[in-house]
Structure formats: structure tokens, C-alpha cells
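Q: just coords:
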């Protein structure tokens, strides 16, 4: 008696079933968080009193003064609200100034000018280094990961994605990239749970759990960045450092630079 053929396992033949989608749990509607309208005019505080208030108390007071001014439309109430609002603006500007003062006192440890330059040459240098790092990383993973691009001829968005994927092939020629027409291979589309096109799926060698990388058009830079992030996440990068590139670790853009809380 002939044996049934076994399903192949490899880059494009995966014995994998799409997980069942769970219905979102019922979320009760939130109550209106705004405070009630004051029954009488809020107390008119001096600038000194406003300046030294706790931030939460100041915010509550600002809201009450604003609501009272909107209720009465009296010029003196509107003028008072603008006075309190002016204190809020100046307090925010003062905090920004002190924050920058602290950062610039120790530029070596903070690395703000290095990681987040404000001038055009610095921004260009950082962006060039970022793209170079992404490209080198993806090239180093070319033989361990692959992409499946699900498309259809009737999909206008796919025509835009087609050109982008051609650029991707030229930029990373060693990457495994397979185009799948969902009309010609509905079995593969169903296997991966593809419901619309264009869809990109990320595959890992010797791993039977592919993941949907994107649904819809992705620009080349977006595709490279998302691939970088998803691969690093698969390889154990901390979720808190999802947007942090390897070269940025320990700097101003690394949320864990000061240690895990």
C-alpha cells in the first residue's frame, strides 16, 4: 500500500496553521474624565502662588479657570485665564531651559549632540550611519531569514509594492524573497492567513512559526527598519529597546541606558 507523501519543510513549504483570532474582550465605556463646572468663580491666585503650585494642582486650577471663563465670557474672567495660561507657558519654557542646561553641562555622558544633532550635517551623518547599520545587519542575516510577498494582479497597491520589492532585491540580492500570487496559490495564502494584498511574511530557517511582517504598502526604508526590529526581537532584544539600534545602546536614544528600573 503506497504511503501518503509527507509535507515538505523548508523555505516555502511550511507545515503551519494560522492561529485562531480571538475576539476582543468587551471594554466598558469610560466616563467623561473632565471635571465638573465650578459653581463659583475660582480664586484668583498671584503669579508667585501659581508658580510654586504642585503640577497636578496647577492643572486642575487651570481647567477650572478656563471653564469659568467659557461659562461667563466676562472679559475679566477671560483675562484671568490668559494670565494663568501665561504662567503655564513660562513654567514649561523654564523647565525646558533647565533640562537643556543640565544636558549641556555633561555632553559626554548624555550624548545628545551625538545621537540627536539639531544641525543638518549632523542629522545627515546620523541618518547615513543608521541606514548603513541596517543594511549591514540585514546582509548578515540573509541566509537565515526570508520573505514571502503575497500579491495579486488586480491589486493597485501591489503595483506600488512591486517596485519597492524590486529595489529591495537590488539592495539585498542575497536575501530569499518569494513572490506569491494569491489567485494562483490560494493554498499558501490560506496557510499564512493572508486576507488582503499586499502582505509580507517573515520566515526563519528551521522555524515553523512565520509571522506577518506587514499588510499594505511599505516604503523601502520602512521595510528595512521593520525587518531589523523584528529580527532583533526574535533574537532576544529587549522590548524596551525595540526602537534602539545596536549603535545607539548606552546613548540618549536607549531607554535602558541607565539600567533597568
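A: Looks like it arrived, so ask away. It should be emphasised that the depicted structure is a prediction, and the values quoted were computed from it without experimental measurement. Numbers count the residues shown, from 1 in each chain.
Q: can you give me the strands for this protein?
A: Along the chain, the stretches classed as strands by DSSP state E are 145-151, 176-181, 199-204, 211-215.
Q: out of these, the one nearest residue 105 is which?
A: Nearest to residue 105 among these is strand 211-215; the distance by CB to CB comes to 43.0 Å. C-beta: built from backbone N, CA, C; applies to glycine.
Q: so that closest one versus strand 199-204, what angle?
A: 150 degrees (axes from the mean of the first three to the mean of the last three CA atoms, to 10 degrees).
Q: how far off centre is strand 211-215?
A: 15 Å (CA atoms, centre = their mean, to the nearest Å).
Q: what residues sit buried inside that strand?
A: Under the neighbour-count criterion of 16 or more other CB atoms under 10 Å, strand 211-215 has 212-214 buried.
Q: likewise stretch 99-118?
A: For stretch 99-118, a neighbour-count test (16+ other CB under 10 Å) marks 110-112, 114-115 as buried.
Q: sorry, back to before: export the strands of the chain to TSV and tack on mean pLDDT?
A: Listed next are the strands of the chain as TSV, based on pLDDT from 0 to 100:
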stretch	mean pLDDT
strand 145-151	96
strand 176-181	95
strand 199-204	96
strand 211-215	94
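Q: would you turn those strands into TSV with distance to residue 170?
A: Output for the strands of the chain, formatted as TSV (distance: least, CB to CB, whole Å):
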stretch	distance to residue 170
strand 145-151	14
strand 176-181	11
strand 199-204	17
strand 211-215	19
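Q: just checking, what packs against the longest helix along the chain?
A: Determined from DSSP state H, the single longest helix within the chain is helix 75-105. Other helices and strands packing on helix 75-105, by 3 or more CB pairs under 8 Å, 6 or more residues apart in numbering; DSSP states H and E, are helix 47-51, helix 55-72.
Q: need the winner for burial among these.
A: helix 55-72 (a mean of 16; mean count of other CB atoms under 10 Å).
Q: any low-confidence regions in the stretch 51-200 of the chain?
A: 109-110 (pLDDT under 70).
Q: returning to what we had before: for residue 193, which of the helices and strands packed on helix 75-105 is the nearest?
A: helix 55-72 (45.6 Å).
Q: and the contacts of that closest one?
A: Under the contact criterion CB atoms under 8 Å, 6 or more residues apart in numbering, helix 55-72 has outside partners 34-35, 37-38, 41-42, 45, 50, 53, 77-78, 80-81, 84-85, 88, 91.
Q: kindly report the same for stretch 122-140.
A: With contact meaning CB under 8 Å, 6+ apart, stretch 122-140 is reached by 113, 115-117, 171-172, 174-175, 221, 224-225, 227-228, 231, 245-247.
Q: the same query, at a cut-off of 6 Å, please.
A: 117, 172, 224, 228, 245, 247 (CB atoms under 6 Å, 6 or more residues apart in numbering).
Q: list the buried residues for it?
A: 126, 130, 134, 137-138.
Q: I'd like those residues written out as CSV, with distance to residue 190 added.
A: Shown next, in CSV, are those (distance: CB to CB, whole Å):
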residue, distance to residue 190
126, 43
130, 38
134, 33
137, 32
138, 29
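Q: residue 188: what's it in contact with?
A: residue 180.
Q: so it versus residue 88, what's the distance?
A: Distance of residue 188 to residue 88, computed by CB to CB, to the nearest Å: 57 Å.
Q: closest to residue 165 out of the strands of the chain?
A: Across the strands of the chain, closest to residue 165 is strand 145-151 (CB to CB), at 5.6 Å.
Q: got the angle for that closest one vs strand 176-181?
A: Using the same axes, to 10 degrees: strand 145-151 against strand 176-181 is 20 degrees.
Q: name the strands paired with strand 145-151 and say parallel or antiparallel.
A: Strand 145-151 pairs in its sheet with strand 176-181 (parallel), strand 199-204 (antiparallel), by DSSP bridges.
Q: out of the ones you listed, deepest packed?
A: By mean count of other CB under 10 Å, the strands paired with strand 145-151 have strand 199-204 as the most buried, with a mean of 21.
Q: tell me the phi and psi of residue 53?
A: When quoted as degrees, to the nearest 10, the phi and psi of residue 53 stand at phi -70, psi 150.
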